[in-house]
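1. mind looking at a prediction? Sequence and model below.
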Amino acid sequence: MTEYKVTGTEVAVIGAGHAGIEAALACARLGLKTVMFTLTMDLLGNMPCNPSIGGTGKGHLVFELNSLGGEMSRAADYAMLQSRMLNESKGPAVHSLRMQQDRRKYHDYMKRTVENTQNLTVVQAEVTEVRVDENSNVTGVLTRFGAFYEVKAAIICTGTSLAGRIIVGEAAYDAGPDNTLAATALTSALLALGIKIVRFKTGTPARIHADSIDYSKLEVQYGDAHPVSFTNEYELENKSVCYVGYTNAETHRVIRENLHRSPLYSGMIKGTGPRYCPSIEDKIVRFADKERHQLFLEPMGENTKEIYVQGMSSSLPEDVQKAFIHTIKGLENAVFMRPAYAIEYDCIDPTQLYHTLEFKEIHGLYGAGQFNGSSGYEEAAVQGLIAGINAARKLRGEGEFTLLRSEAYIGALIDDLVVKGTNEPYRIMTSRSEYRLLLRQDNSDSRLMKKGYEIGLIDEKRFAEFLDREKRTEDEIYRLQKTTIPYSEKLSDLLVSKGYEPLTGGIRAADLLRRPHVTYAEIEEFDVTRTEQDRRIIERAQIEIKYEGYIKRQIAEVEKFKKLEEKGLPADIDYSKIRGIRIEAAQKLQKQRPANLGQASRISGISPADVSVLLIYLSTNYGKDDQ
């Protein structure tokens, strides 16, 4: 095929899913001429699995992305069908916002946004090759149509399209998500560059017709009375309800009797699937003692009859899928619109990347999203944002941008991937963060918005509003700490009703709030100096006061963590020659080349004893100036 050259572009983004969009928008908004490739325009911002944004841990990522200037948060608010705050019965560290989305409305919003962004061009074409020069610098990307785009950086965000293969029972064929084209040529080109490729698998459940469901047999799941926004730019209103159903003994019997037809157990599926989002047949086998499994019926949009059957992912044959769905109360007459399917795809071992998400061995090549071994729209979006920021900063001659585990869930996510690697599709969870009380949803702006402003993705107006909100929050915390509420029998009775000792005199407002079962709203009538405040200010002030002691302890832990992160490991260390370090540890350190002791300590198989040996080695062989 005859090639022709396309010039005038600085960054190529390969893929237009959630990672690709954030990467491309970040580069373009930071002034770089950017081209984003997609196999089809219909994949732009597509939700091939659950049409929802947020969830446990994932909601934190979206708030953080919003604080840094990303776009997913705005699209989620715009396309919201139902909003629910998860884990409200638990502490604020694990409160996580989840929104059901109108799938088409979300796609339309993102397509409109990228089409109207200066410096950004969207092209429908398959990228078949990334080229580098003799010094391993990216020089450009080639499309299947023979167009060679000269660029200085490329960001690969291929999602599940890279060598994608859909599997339903005994049927299997090359395809990307939603029966789109698979990207079939890029894998071999990446292997030729020396990139290690692995094979993962994910799946999605059937979609059924809304009018074929008997809702009287199901539990109704309403949205929150006062929906919380990711951005506070929209007045949100719940537009839909969801429903809850359950599998039963008959469902499980049908699945067990057809396990021999499952590609999961026949050996047809080779890729590793997600541990925390197993298929229904996997649940039946792994949790054989459970009498039932929960499922959720969730709308795909306002103007469609498609209903998503969450919790019922499967790769069983279509006839088996229909048989087990029809055993569920309320779904006896369910009409299938799309069958469930599994999809295998190629991705990379993410330990090949720096924390900037740039490949260690190829300058100017970045990876983001499921290409890096993660799962989920939210994990993809934040990686795309970080990769885009770093590609832009590198080409502008600016310093790299990374986040510590103690600064953001984004930092924990990327650190887990590039330091520990993953042998299955990685999913963020609140339990993955050691500092989750510091990394709450309510304080993401305080943690990250200044960084977003300094990078150039938060504008002056928004930053000024943030500074004003921060001052008002600090003022409210100070007022609560200094305000004494006089004794009253009614207040004393309130405390007694909650199991506390009766009051004997006045009490500071902050001391009242430190009591676990006393809320800001409950003491309003006694707190006469209070003025009307924004919901975000109230929430933040209450949490900062109520959990002050715990927060101080986590801050102290962060300081200890920083000391390890500050002890750099020189690039020329030969770990095999360090006396006292175990052979396994030396081999892993030699392979991954961590930048500092903190990263070294988080590599799987590195023990505290190995870290102690490294500390002694550093103090003996390297002066302070070298560290």
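-> All right, it came through fine. Everything numeric here is computed off the predicted structure, so don't read it as measured data.

2. apart from its neighbours in sequence, what residue is nearest the residue of the chain most remote from its centre?
-> For the chain, the largest distance from the centre (Cα atoms, centre = their mean) belongs to residue 504, which lies 49.6 Å off. Sequence neighbours aside, residue 487 is the residue nearest to residue 504 in space, at 7.4 Å (criterion: Cβ to Cβ, 6 or more residues apart in numbering). C-beta coordinates here come from the backbone N, C-alpha and C atoms, glycine included.

3. and the residue farthest from the centre of the chain, helix, strand or coil?
-> Three-state call for residue 504 (DSSP: H, G, I helix; E, B strand; the rest coil): coil.

4. list the beta-bridge partners for residue 246.
-> Counting by DSSP bridges, residue 246 is bridged to residue 294.

5. contacting residues for residue 400?
-> Listed by Cβ atoms under 8 Å, 6 or more residues apart in numbering, the contact set of residue 400 reads 354, 355, 356, 390, 393, 394.

6. buried stuff in stretch 312-320?
-> Going by neighbour count (16 or more other Cβ atoms under 10 Å), the buried part of stretch 312-320 is 312, 313, 314, 315, 316, 317, 318, 320.

7. with adjacent residues omitted, what lies nearest to residue 242?
-> residue 221 (4.3 Å).

8. could you tell me how many residues sit around the one you found?
-> 15 (other Cβ atoms under 10 Å).

9. need the contact list for it.
-> 84, 241, 242, 243, 244, 296.

10. just those: which are in strands?
-> In this view, the contacts of residue 221 that belong to strands under DSSP state E are 84, 242, 243, 244, 296.

11. show me just the buried residues among those.
-> Using 16+ other Cβ under 10 Å as the burial test, the ones in strands among the contacts of residue 221 include 84, 242, 243, 296 as buried.

12. can you give me the pLDDT of the last one?
-> In other words, residue 296. Predicted confidence (pLDDT) at residue 296: the value is 97.

13. same check, this time on the second one
-> What the model reports for residue 242 is a pLDDT of 97.

14. any idea how far it lies from residue 52?
-> According to Cβ to Cβ, to the nearest Å, residue 242 and residue 52 sit 10 Å apart.

15. ditto for residue 64
-> For residue 64, the distance to residue 52 (Cβ to Cβ) stands at 18 Å.

16. those two - which one has more neighbours?
-> Each of residue 64 and residue 52 has its neighbours counted (other Cβ under 10 Å); residue 64 has more, 29 against 26.

17. how about that one, what does it touch?
-> Applying Cβ under 8 Å, 6+ apart to residue 64 gives the contacts 382, 408, 409, 410, 444, 447, 448.

18. would CSV of those with neighbour count, distance to residue 592 and pLDDT be doable?
-> Output for the contacts of residue 64, formatted as CSV (neighbours: other Cβ atoms under 10 Å; distance: Cβ to Cβ, whole Å; pLDDT from 0 to 100):
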residue, neighbour count, distance to residue 592, pLDDT
382, 33, 22, 98
408, 27, 22, 97
409, 31, 22, 97
410, 29, 21, 98
444, 24, 30, 97
447, 19, 28, 98
448, 22, 27, 98
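
19. now, which of those residues lie within helices?
-> Within the contacts of residue 64, residues falling in helices by DSSP state H are 382, 409, 410, 444, 447, 448.

20. from the residues you listed, which is closest to residue 278?
-> residue 409 (23.2 Å; Cβ to Cβ).

21. what about the closest residue to the closest one other than its chain neighbours, which SS state?
-> Nearest residue to residue 409 in three dimensions, chain neighbours excluded: residue 60, at 4.5 Å (Cβ to Cβ, 6+ apart). Three-state assignment for residue 60 (three-state DSSP): helix.

22. roughly how far apart are residue 60 and residue 281?
-> From residue 60 to residue 281 the distance is 31 Å (Cβ to Cβ).

23. more neighbours: which of the two?
-> A count of neighbours by other Cβ under 10 Å puts residue 60 above the other of residue 60 and residue 281, at 32 against 26.

24. widest-spaced pair of the ones in helices among the contacts of residue 64?
-> Among the ones in helices among the contacts of residue 64, 382 and 447 lie farthest apart (Cβ to Cβ), at 13.7 Å.

25. coming back round to it: residue 491 is in contact with the residue farthest from the centre of the chain, correct?
-> No: judged on Cβ atoms under 8 Å, residue 504 makes no contact with residue 491 at a distance of 11.8 Å.

26. list the contacts of stretch 453-462.
-> Contacts for stretch 453-462 (Cβ under 8 Å, 6+ apart): 26, 29-30, 67-70, 389, 393, 401, 449, 452, 463, 466.

27. quick one: contacts for residue 582?
-> With Cβ under 8 Å, 6+ apart, residue 582 has these contacts: 607, 609, 610.

28. which residues touch residue 342?
-> Residue 342 neighbours (Cβ under 8 Å, 6+ apart): 166-168, 201-203, 263-264, 269, 273, 279, 313-315.

29. how about residue 92, phi and psi?
-> phi -60, psi -20 (degrees, to the nearest 10).

30. I'd say it and residue 543 touch.
-> Yes: in this structure residue 92 lies within contact range of residue 543 using Cβ under 8 Å: 4.9 Å.

31. okay, and the common contacts of those two?
-> 440, 442.

32. now residue 37: which helix or strand?
-> According to DSSP states H and E, residue 37 maps onto strand 34-38.

33. so how far is that strand off the chain centroid?
-> Distance of strand 34-38 from the chain centroid (Cα atoms, centre = their mean, to the nearest Å) equals 22 Å.

34. what does it contact?
-> Against strand 34-38 from outside (Cβ under 8 Å, 6+ apart): 9-16, 20-21, 23-24, 27-28, 44, 114, 119-127, 141, 143, 149, 151.

35. and if we set it to 6 Å?
-> The contact list for strand 34-38 (Cβ atoms under 6 Å, 6 or more residues apart in numbering) reads 9, 11-14, 16, 20, 24, 27-28, 44, 119-125, 127.

36. give me the number of residues near the residue nearest to residue 330 when sequence neighbours are not counted?
-> Nearest residue to residue 330, sequence neighbours excluded (Cβ to Cβ, 6+ apart): residue 217, at 3.7 Å. For residue 217, the neighbour count with other Cβ under 10 Å is 13.

37. sec struct for the residue lying closest to residue 197 once chain neighbours are set aside, please.
-> Once flanking residues are discounted, residue 197 sits nearest to residue 346: 5.2 Å by Cβ to Cβ, 6+ apart. At residue 346 the chain is in strand, as set by three-state DSSP.

38. need the contact list for residue 346.
-> Applying Cβ under 6 Å, 6+ apart to residue 346 gives the contacts 162, 163, 187, 197.

39. pretty sure residue 130 sits against residue 154.
-> Yes: counting by Cβ atoms under 6 Å, residue 130 touches residue 154, with 5.4 Å between them.

40. comparing those two, which shows the higher neighbour count?
-> Remark: of residue 130 and residue 154, residue 154 carries more neighbours, 27 against 24, as counted by other Cβ under 10 Å.

41. quick one: the more buried one from residue 507, how far?
-> Relative to residue 507, residue 154 is positioned 61 Å away (Cβ to Cβ).

42. can you show me the helices along the stretch 301-450 of the chain?
-> 318-325, 377-395, 409-415, 444-455 (DSSP state H, counting those that start in this stretch).

43. for these, give me a markdown table that also has distance to residue 616.
-> As requested, these are exported to a markdown table (distance: least, Cβ to Cβ, whole Å):
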| stretch | distance to residue 616 |
| --- | --- |
| helix 318-325 | 59 |
| helix 377-395 | 34 |
| helix 409-415 | 25 |
| helix 444-455 | 35 |
